[in-house]
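S.K.: attaching a predicted model along with its sequence, questions to come.
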Amino acid sequence: MTPPLLSLENLSVGFTRYAGATRARTVTGVTSLSLDIAPGEILAVIGASGSGKTLLAQAILGILPANATVSGRILFDGTLLDERRLRTLRGSEISYIPQSVNNLDPLMTVGRQVRIGLDPRTAHEQQRALFSRYGLADDVGRRYPFQLSGGMLRRVLFATSVRDTVRLVIADEPTPGLHADAVAEILGHLRELSEGGASVLLITHDIFAAIAVSRRVAVMHAGRLLTVEAASGFTGHGDDLRHPFARALWRALPQNEFSPEGEQWHSS
Ligand SMILES: Nc1ncnc2c1ncn2[C@@H]1O[C@H](COP(=O)(O)OP(=O)(O)OP(=O)(O)O)[C@@H](O)[C@H]1O
Ligand code: NI
């Protein structure tokens, strides 16, 4: 077996909340999570809002909120991913496509934002290559974020995040509120990255997006990783899904049209 590119070992993220001057209690955001990602694999992470998906991404990237405490180990390519190593890998071998397009600077043209971190001698050339890869016309580079549509901003986020040197892409909810064509396009870009050898951690609410590109789907609930399911299990009644929560999640989707009554009827 190929060794994993990324290993999470007992990863926990907690927050200390102060109730008054003396009482402090720890709120857990992520609890003892262990997970491996193989080189070139697209692994989807699904879970409801607040289940800890973004914290998981931020823990890997070392960009947790200041009030967070983290424990456990993260190995990248078999070696501990500590703060020092992250500083060199972030933005080169490890890319983050953030959840919100608000992560773009509203006061800077998107072209300049795409060139951040690129070798100044070749930055314009690289920008052109990235723009063409992500279907952005050259003149888009002179525009500001507010002048672009949601779909275009998503493409810009890819262009600002993904470099040729990338080995791990963490995409946090890259398809929110996009119409079907734009979703397919974004998923196509993730697939392309994995075909190029990069591993992709795809965080999403959208089970259909998850199963369209990944072979394994990690299901989070209340900060815990409940189960890692084969994407192929999310079909029909979900009888091949191992964990009852994954089955319930799948069967509850309106698209699947299993009303609770219908479910009883079906399971007879
Ligand atoms: N800075 C913080 N201080 C205290 N609690 C926090 C902080 N950031 C996140 N949390 C809590 O941690 C939990 C997990 O948050 P997280 O953002 O990872 O959820 P998520 O699964 O990404 O949700 P969504 O799908 O809405 O993006 C939430 O209950 C949230 O309230
Ligand atoms: Ni999130």
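M.R.: The structure has been received and is ready for your questions. Residues are numbered from 1 along each chain as shown. Ligands and ions are numbered 1, 2, ... in the order given.

S.K.: Ala209 falls within a helix, correct?
M.R.: Yes. The assignment for Ala209 is a helix, going by DSSP: H, G, I helix; E, B strand; the rest coil.

S.K.: so it sits against Leu187, correct?
M.R.: Yes. When contacts are counted by CB atoms under 8 Å, Ala209 is listed as touching Leu187 (6.1 Å). Using the backbone N, CA and C atoms, a C-beta is placed for each residue, glycine as well.

S.K.: what is in contact with those two at once?
M.R.: Residues touching both Ala209 and Leu187 by CB atoms under 8 Å, 6 or more residues apart in numbering: Thr175.

S.K.: is the host helix or strand of Leu8 anywhere near ligand 1?
M.R.: Per DSSP states H and E, Leu8 falls inside strand 6-19. Yes. Judged by CB under 6 Å from any ligand atom, strand 6-19 and ligand 1 are in contact via Phe15.

S.K.: neighbouring contacts of that strand?
M.R.: By CB under 8 Å, 6+ apart, the residues outside strand 6-19 that reach it are 24-37, 52, 55-56, 59-60, 64-65, 67-76, 168, 199, 201, 223.

S.K.: which of those residues fall within helices?
M.R.: Where the contacts of strand 6-19 overlap with helices, as defined by DSSP state H, the overlap consists of 55-56, 59-60.

S.K.: pretty sure Ala38 sits against Leu168.
M.R.: No. Taking CB under 8 Å as the definition, Ala38 is not a contact partner of Leu168, at 11.1 Å.

S.K.: out of these two, which sits in the busier spot?
M.R.: Leu168 (23 against 16; other CB atoms under 10 Å).

S.K.: and the stretch 1-150 of the chain, which residues reach ligand 2?
M.R.: Taking CB under 5 Å from the ion as the contact definition, the stretch 1-150 of the chain meets ligand 2 at 53-54.

S.K.: what about the strands in the stretch 1-150 of the chain?
M.R.: Along the stretch 1-150 of the chain, the segments classed as strands by DSSP state E, counting those that start in this stretch run 6-19, 23-37, 42-46, 68-76, 79-80, 94-97.

S.K.: out of those strands, the one nearest Pro244 is which?
M.R.: In terms of CB to CB, the element of those nearest to Pro244 is strand 42-46, at 15.4 Å.

S.K.: each with direction, which strands does that closest one pair with?
M.R.: Using DSSP bridges, the strands paired with strand 42-46 in its sheet are strand 199-204 (parallel), strand 216-221 (parallel).

S.K.: test my guess that Val183 contacts Ala210.
M.R.: No. Checked against CB under 8 Å, the pair Val183 and Ala210 is beyond contact range at 11.5 Å.

S.K.: more crowded one of the two?
M.R.: Here Val183 and Ala210 are set side by side on neighbour count (other CB under 10 Å), and the busier one is Ala210, at 25 against 21.

S.K.: can you tell me the closest non-neighbouring residue to the more buried one?
M.R.: With CB to CB, 6 or more residues apart in numbering as the measure, Ala44 is the residue that lies nearest to Ala210, at 3.5 Å, once sequence neighbours are left out.

S.K.: tally of neighbours for the one you found?
M.R.: Burial of Ala44, expressed as a neighbour count using other CB under 10 Å, amounts to 27.

S.K.: so what's Met220 up against?
M.R.: Residues counted as contacts of Met220 (CB under 8 Å, 6+ apart) are 45-47, 51-53, 56, 226.

S.K.: go again using 10 Å as the cut-off
M.R.: When contacts are counted by CB atoms under 10 Å, 6 or more residues apart in numbering, Met220 is found next to 30, 33, 45-48, 50-53, 55-56, 203, 226-227, 245.

S.K.: which one of those is nearest to Tyr96?
M.R.: Tyr96 has its nearest neighbour among the contacts of Met220 in Ile203, at 10.6 Å by CB to CB.

S.K.: I appreciate the help and will end here.
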